[in-house]
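Asker: give me coordinates for this.
(2 chains)
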Amino acid sequence: MMAPAVILLLGWMLVPLTMTLYFSFKKFLPLRGGDLGWVGFDNYVRFVSSSAFWPSVQATLVIVGGVLAITVVLGVLLAILLNQPMWGRGIVRILVIAPFFVMPTVSALVWKNMFMDPVNGLLAHVWRAFGAEPLVWLTEASTQSIILIVSWQWLPFATLILLTAIQSLDSEQLEAAEMDGAPPVKRFAYITLPHLSRAITVVVLIQTIFLLSIFAEIFVTTQGAFGTKTLTYLIFQRVLESQNIGLGSAGGVYAIILANIVAVFLMRIVGKNLDA
Amino acid sequence: MFANYALGAATAMSLIAAGSASAETITIATVNNGDMIRMQGMTGDFTAKTGHEVEWVTLEENVLRQRVTTDITTKGGQFDIMTIGMYETPIWGRNGWLLPLDDLPAEYDAGDILPAMRGGLSVDGTLYAAPFYGESSMIMYRADLMEQAGLEMPEAPTWDFVAEAARAMTDKDNGIYGICLRGKAGWGENMAFLTATANAFGARWFDENWQAQFDQPEWKETLEFYVNLMNDAGPPGASNNGFNENLSLFQQGKCGMWIDATVAASFVTDPEDSTVADKVGFALAPDTGKGKRGNWLWAWALGIPAGTQKADAAKEFIQWATSKEYIELVAEKDGWANVPPGARSSLYENPNYKDIPFARMTLESIQSADPTNPTVDPVPYVGVQFAAIPEFAGIAGQVGQEFAAALAGQQSVDEALEKAQALTTDEMEAAGY
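Answerer: Got it, this is the predicted structure:
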């Protein structure tokens, strides 16, 4: 009974993967006559020896790491806050989750034009109100800006997962700790945080998978300039701007390898939590 | 009354005639620009004339480029007509991917197509796509600020004058910046502007042996001039500004000058969108006295992919959409300001069109750009603000990032040029030049 599903899944994943591998060993230039024959590992060597390669790997890891740090820390805080009984809690919860429904391109445009614009942006007005020279966000703090935009989008996801987890926390345990005289910080560190560890693992794993291929926000805001060119963006440039399918495919294979390294790394460190 | 009946009968007859001959349904890929959307609204007229039905695939510019390029390189055959530009046409025509359009009937008057447009859409003298509309770039400036600064804009200014005027108009405390220019990285963004500007400074992308020229003094002069000018008189964050960002700054009255596409003239003079609509003047893009002006040339054109089964119907459509009758049809329905500009000389002789304030300057700008001979020194490529070779988009995308970083002050002009030279040389070697 398993066979059809397995075949479908294998086909679904193996066909694109095999084609990527196949093209990565070819000189394939659609605008120069298409398939120009086998070239062995030339594409792989060229992709790695390009001056853009290591900076792009670094940019990818910095952005993924930055977004993870922000969303997990703020997500835990928001989840705890949203769990408190307060007036209008339902509306606040919906508001917190709202950014998740905004398309990445739209949110990147809104941030770029309405908040970060150095002439008309909201932040520039705030800066000027305090007598400061407005920050040119996307050039002076380009990576940080992108981390900020992406974090804004992913914070709701983290908050939602963590809020669900926190709701399953046994309140009697907290009350008992409180009666024993444990201060709030210790209650958080020894009861709440361990309870959330599995949820945090899920957030980190799922977000990492999606964030490694982050593209739209960069395309809309900096076009890969000012050190924000990620591995995905570099592959996009090789395949679509340069119309070099072979070189881009080799980059795709590298991206798969990188994703697997990161995944193994994560599983070793945080994935243990999932066994419990 | 009788005339109406006769007209109706004639239309019906021609419909039947065309229908019985070979009524086809053709599929057209196009860009979501205002003029193209308007053309879709007029399709009924074409169907009434020929009996052919039209299906539209309307896409945003970048997506359109990717879709049609993929379709033509894989011989997908999804489209019978593609909307392509001056960059694609010479490359595709040379590869034999487009049907030549050299057998159009006399009444179409192919000789009426502006020579600059014809040159940019031809390979060795054969036309491969018919221009639907064309544009160049020019200076749009604030006449009131110019007057305040005590200067007068000549019709054909030099770069030195433009720089002087820009610095004089700048009043950063009040949010007025003397000049707004493209800085956003991208081969169709900052590199379109800078390549055209470089032409005026005597620089070029490649010499006749396809050697990259970024190590030459002309490029250094171009880039230094641009970066200094933008630092002194440009808006903050200029390295993130493309066409749309500058348009909005200009419409808000924050720019003294803006050098960009002629098509923007109708947006900055439209009182509904622009706070400075009645204060805008126009001038030719600046030069440096070396014989070339820094203005570009672009056309959105209609071409027929070589593999289509419906070549005849496709050709009929192109004849209709790029004809003089089409221009009159639009003028009748939507007014003369909304006809597709820049493709035919007869439009600029039309007394109804001459009254439009930016018509003459648009024509002069288009005429002063020569895609087959774009630079001071000879070059082996066609194209004013690009080199029409398949590798260009990829290379210029990366060079654009280096130049944007130089504008943002993250690296020196020398560093940017050095990197540009190295990566261009690498890519050209890899491509087999």
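Asker: could you report the neighbour count for the closest residue to residue B:367 other than its chain neighbours?
Answerer: Taking Cβ to Cβ, 6 or more residues apart in numbering or on different chains, and ignoring the residues beside it in sequence, residue B:367 has residue B:116 as its nearest neighbour in space, at 6.2 Å. Bear in mind the C-beta positions are built from the backbone N, C-alpha and C, glycine included. The criterion is other Cβ atoms under 10 Å in any protein chain shown. On that basis, residue B:116 has 24 neighbouring residues.
Asker: which other helices and strands contact the helix or strand hosting residue B:116?
Answerer: When elements are defined using DSSP states H and E, residue B:116 is found to belong to helix B:115-120. Taking 3 or more Cβ pairs under 8 Å, 6 or more residues apart in numbering or on different chains; DSSP states H and E as the contact definition, the neighbouring helices and strands of helix B:115-120 are strand B:130-142, strand B:297-303, helix B:359-367.
Asker: give the next helix or strand downstream of it.
Answerer: Using DSSP H and E, the helix or strand that follows helix B:115-120 towards the C-terminus is strand B:122-123.
Asker: that following strand near chain A at all?
Answerer: No. Strand B:122-123 stays out of contact with chain A when judged by Cβ under 8 Å from any Cβ of the partner chain, the minimum separation being 14.7 Å.
Asker: give me the sheet partners of the following helix or strand past that strand and which way each runs.
Answerer: Proceeding C-terminally, strand B:122-123 gives way to strand B:126-127 as the next helix or strand, assigned by DSSP H and E. With DSSP bridges as the criterion, the sheet partners recorded for strand B:126-127 are strand B:122-123 (antiparallel).
Asker: I figured residue A:216 hits residue A:106, correct?
Answerer: No. Using Cβ atoms under 8 Å, residue A:216 is not in contact with residue A:106; the gap is 9.3 Å.
Asker: more neighbours: which of the two?
Answerer: Higher neighbour count among residue A:216 and residue A:106: residue A:216, with 16 against 11, using other Cβ under 10 Å.
Asker: report the closest residue of chain B relative to chain A.
Answerer: Scanning chain B for proximity to chain A using Cβ to the nearest Cβ identifies residue B:394 as nearest, at 2.7 Å.
Asker: least confident secondary structure element in chain B?
Answerer: Among the helices and strands of chain B, helix B:2-22 carries the lowest confidence by mean pLDDT, DSSP states H and E, at a mean of 50.
Asker: near chain B, which residues of the stretch 1-150 of chain A show up?
Answerer: Looking at chain B, the residues of the stretch 1-150 of chain A close enough under Cβ under 8 Å from any Cβ are A:29-34, A:46, A:50-52, A:112-113, A:117-120, A:134, A:136-140.
Asker: buried ones among those residues?
Answerer: When the residues of the stretch 1-150 of chain A next to chain B are checked for burial by 16 or more other Cβ atoms under 10 Å in any protein chain shown, the buried set is A:29-32, A:46, A:50, A:52, A:112-113, A:117-120, A:134, A:136-140.
Asker: contact partners for residue B:241?
Answerer: Contacts for residue B:241 (Cβ atoms under 8 Å, 6 or more residues apart in numbering or on different chains) come out as B:180-184, B:235, B:249.
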